[in-house]
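A.B. asks: below are the sequence and a predicted model for it; my questions follow.
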Amino acid sequence: MKTKRAPLTFEAVCQIGLTLPEVEASIYFGGLALKVRGKVFACKATNKAAEPNTLVVWTDEAARDELIAAQPDVYYLKDHYVGSTPVVLVRLSRVDRAALQDLLIGARRLVLAGASKRASASPAAPSQRRGSRRGGRS
């Protein structure tokens, strides 16, 4: 006989997330969030479109679509969350701890990869540009 486990909470999400390097707990749109290098990668769903006890996790569209197709009772999406940043909504009452940990690890990697791409593509900071007033006169 299978024993029923207690549903995960946002506190459990933080416990798992804070074991990852450079991760900090924060607030995002009034809800609990996990950030790495100042970038959110998971947060409590605060929009009314989401079900209660839902976590928003950054992901790519292909992975999100696979998760929803494989386990629609655990993963879902609402129109409000469709946009420039692909995310998946996770029912904490249905997800298991190992799956949640995998999601958070992947989301952290995704956000770090995006941050490093943006940093390498951005121009030099104003203080590094020749003749910049911010960096003083050359």
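C.D. replies: Sure, I can see it.
A.B. asks: so where do the helices sit in the chain?
C.D. replies: In the chain, the segments counted as helices under DSSP state H are 10-17, 61-70, 97-121.
A.B. asks: hey, which of those is tucked in deepest?
C.D. replies: Each of these was assessed for mean neighbour count using mean count of other CB atoms under 10 Å. The highest is helix 10-17, with a mean of 18. All C-beta spots, glycine's among them, are computed from the backbone N, C-alpha and C.
A.B. asks: tell me which strands and helices it is in contact with?
C.D. replies: strand 23-28, strand 31-36, strand 39-44, helix 97-121 (3 or more CB pairs under 8 Å, 6 or more residues apart in numbering; DSSP states H and E).
A.B. asks: 6 Å - rerun?
C.D. replies: Here helix 10-17 touches helix 97-121, going by 3 or more CB pairs under 6 Å, 6 or more residues apart in numbering; DSSP states H and E.
A.B. asks: quick one, the helix it packs on and helix 10-17 angle?
C.D. replies: 60 degrees (axes from the mean of the first three to the mean of the last three CA atoms, to 10 degrees).
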